[in-house]
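Visitor: what's the 3D shape of this:
(chains A and B)
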Amino acid sequence: MSPKAPSLKYRSKGRIFADILRAVKQDGSAKPTHILYKANLSHDRLTKYLTLLEDSELLTKTVVDDKAEYSITTKGEQFLMEFRRMEQFADAFGLEI
Amino acid sequence: MNESFISKKTPEGLPFVGAPMFPPRWFMPYDVIIQLVMTLVSMGIAIYALRGFRWVKESSLYHLYLAFAILAIGFFANGLTLSIDFITRTPGPHPPSPMLFMDLGFMIYYVASIVAYGILVYAYFKNVRNASMATAVFGVFLTATAPFMESIIIVLLFGIVFAQLIHLTIHTSRSSILVCSSFALILVSNILILISDAGSEDLYVIGKLLQLVAFCALLLILLEVRRPE
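Guide: Numbering: from 1, shown residues only, chains lettered A, B, ... in the order given. From the prediction side, this is the model:
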């Protein structure tokens, strides 16, 4: 019997933002490869989302020894808190975000 | 005392086609209060959903905002026209003019409810074709047997409750049970209001009280999710 493939579920932009922010928050700061693994994204998509998160001031980028590291901002923390609340709110109404 | 403020029949005794279900006169002030409570709760949910949409840019939250904002407009228009008619009119038979101020309020309420519940049904069923089909079949059956506007609202509410029950089988939480129960109560209340057209004022009153209980339950959910962590 062939192993069952993991179900592929559509992730909204908001959820991808939250997944990246959670990955960064877990360790205080994180390198792109770590975020890539934790948030389950391709390199191209991760680059696009990291730029978006930086532009939205949810993440800050610091370069140490030519290597980029990301850390979450206060606004990013607030986004995560709001996302959790909205997840609970939408879930109560039987809607997914 | 228990006599309807406005009869659903014209002075000639002919049924007023498409007439909404009017409350008994004694119940009108309470009805206005219920409409006001439902307006405030709906506005609260709409504002909270809009706030969430601004943060996370999710279309489902925008649909929730739009639906409850439109519902609030409908409840407010209904409550406002009911109160004005109650204050300015003396009890008596339906005047010859078919379009009263209160009729307009009910019409706004019905249209707003249809649009709002329609948006919610769309939000639930945009990816579920079978469930939409079930709702459509139920809709055809109901609209063929009952007054048109109220029937559409009942069909849409049936769809919403159906979608929430499906969601409950996948993920059960206290909040989702409460929201599902609220919409089920709103569905039952609309059925009772529909039946009240056959002449029972008590059913109208029970229906409205059930609606109030349902919106109070929705208010509980709103307060719960707004609570700081």
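
Visitor: apart from its chain neighbours, what residue comes closest to the residue nearest the centre of chain A?
Guide: Residue closest to the average C-alpha location in chain A (C-alpha atoms, centre = their mean): residue A:20, at 1.6 Å. Leaving aside its sequence neighbours, residue A:20 sits nearest to residue A:39 (C-beta to C-beta, 6 or more residues apart in numbering or on different chains; 4.8 Å). Quick note: C-beta positions are derived from backbone N, CA and C, even for glycine.

Visitor: neighbours of the one you found, how many?
Guide: Residues near residue A:39, counting by other C-beta atoms under 10 Å in any protein chain shown, number 23.

Visitor: surely it touches residue A:16?
Guide: Yes. Contact criterion C-beta atoms under 8 Å: residue A:39 and residue A:16 qualify, at 6.9 Å.

Visitor: for residue B:130, report the pLDDT, please.
Guide: For residue B:130, the model assigns a pLDDT of 50.

Visitor: cool, residue B:184 as well?
Guide: For residue B:184, the model assigns a pLDDT of 95.

Visitor: next: residue B:161.
Guide: 93.

Visitor: the helix or strand hosting it and chain A in contact?
Guide: Using DSSP states H and E, the secondary-structure element containing residue B:161 is helix B:148-170. Yes. Contact of helix B:148-170 with chain A (C-beta under 8 Å from any C-beta of the partner chain) involves B:163, B:164, B:166, B:167, B:168.

Visitor: okay, the residues you listed in TSV with distance to residue B:179 and neighbour count next?
Guide: TSV is the format used below for the residues of helix B:148-170 next to chain A (distance: C-beta to C-beta, whole Å; neighbours: other C-beta atoms under 10 Å in any protein chain shown):
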residue	distance to residue B:179	neighbour count
B:163	11	24
B:164	7	23
B:166	13	14
B:167	9	21
B:168	10	15
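
Visitor: tell me the secondary structure for residue B:73?
Guide: helix (DSSP: H, G, I helix; E, B strand; the rest coil).

Visitor: and it, what does it touch?
Guide: B:108, B:112 (C-beta atoms under 8 Å, 6 or more residues apart in numbering or on different chains).

Visitor: quick one, phi/psi of residue A:68?
Guide: The phi/psi pair for residue A:68 (degrees, to the nearest 10) reads phi -80, psi 140.

Visitor: ok, back up a step: off-centre distance for the helix holding residue B:161?
Guide: 12 Å (C-alpha atoms, centre = their mean, to the nearest Å).

Visitor: quick one: list the elements packing against the helix or strand just after that helix.
Guide: Using DSSP H and E, the helix or strand that follows helix B:148-170 in sequence is helix B:174-196. Contacts defined by 3 or more C-beta pairs under 8 Å, 6 or more residues apart in numbering or on different chains; DSSP states H and E place helix B:174-196 against helix A:74-92, helix B:148-170, helix B:201-226.

Visitor: show me the one of these that comes nearest residue B:76.
Guide: helix B:201-226 (13.3 Å; C-beta to C-beta).

Visitor: quickly check: that closest one near chain A or not.
Guide: Yes. Residues of helix B:201-226 contacting chain A under C-beta under 8 Å from any C-beta: B:221, B:225, B:226.
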